[in-house]
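In: My questions are about this predicted structure, shown below with the sequence.
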Amino acid sequence: MWWCNYYKRPLKDPLLKEYSIEDLMYEFHMVKEKRLYEKQLADEENDRIEEEKLQADEEWADMMEEEEEESTEVDPALDPQNIEWMEQQLEEAKLFFDDETFGEDLNLRFDDTED
């Protein structure tokens, strides 16, 4: 019956008369082995695809981390142009208020540590 279903042949096929029992058993087991092999190949292909997806995701995440590290902005309080501008503003304020000690007690690092 399996042979007829597999090869889509009628049950009383004249070709079956030419097969011995051993030949039919061999074909029966070959069909089972072929299905197992095809399933194994499909599983391996699925595993390969999943690994490629994971690797691509990891590469993308690494690339995004690198871009984020590169685009990290410098602290504006440490930028030399900003420091120069702050010092210029202090000098102008000293002249405006006519006080030579104006702003001397300021901490320009903007953190909680003392100078």
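Out: Yep, it's here.
In: Can you give the domain ranges for the chain?
Out: 1-10+17-72, 74-105 (automatic domain parsing).
In: Tabulate these (a markdown table), appending mean neighbour count.
Out: (C-beta placed from N, C-alpha, C; glycine too.) Shown next, in a markdown table, are the domains of the chain (neighbours: other CB atoms under 10 Å):
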| stretch | mean neighbour count |
| --- | --- |
| domain 1-10+17-72 | 10 |
| domain 74-105 | 11 |
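In: Any idea which of the ones you listed has the lowest pLDDT on average?
Out: Note on the domains of the chain: domain 74-105 shows the lowest mean pLDDT, a mean of 81.
In: roughly how far out does that domain sit from the chain middle?
Out: 47 Å (CA atoms, centre = their mean, to the nearest Å).
In: Then stretch 51-70?
Out: The chain centroid and the centroid of stretch 51-70 are separated by 5 Å under CA atoms, centre = their mean.
In: Convert it to PDB, retaining C-alpha atoms only.
Out: These are the backbone C-alpha positions of stretch 51-70, laid out as PDB (Å, rounded to 0.1, in the frame of the first residue of the first chain):
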ATOM      1  CA  GLU A  51      22.700  31.700  13.100                       C
ATOM      2  CA  GLU A  52      23.100  34.200  10.200                       C
ATOM      3  CA  LYS A  53      20.300  36.300  11.600                       C
ATOM      4  CA  LEU A  54      21.800  36.300  15.100                       C
ATOM      5  CA  GLN A  55      25.300  37.200  13.700                       C
ATOM      6  CA  ALA A  56      23.800  40.000  11.600                       C
ATOM      7  CA  ASP A  57      21.900  41.400  14.600                       C
ATOM      8  CA  GLU A  58      25.100  41.300  16.700                       C
ATOM      9  CA  GLU A  59      27.100  43.000  14.000                       C
ATOM     10  CA  TRP A  60      24.400  45.700  13.700                       C
ATOM     11  CA  ALA A  61      24.400  46.200  17.500                       C
ATOM     12  CA  ASP A  62      28.200  46.500  17.500                       C
ATOM     13  CA  MET A  63      28.000  49.000  14.700                       C
ATOM     14  CA  MET A  64      25.400  51.100  16.500                       C
ATOM     15  CA  GLU A  65      27.500  51.000  19.700                       C
ATOM     16  CA  GLU A  66      30.500  52.200  17.800                       C
ATOM     17  CA  GLU A  67      28.500  55.000  16.200                       C
ATOM     18  CA  GLU A  68      27.100  56.000  19.600                       C
ATOM     19  CA  GLU A  69      30.600  56.100  21.100                       C
ATOM     20  CA  GLU A  70      31.900  58.200  18.200                       C
END
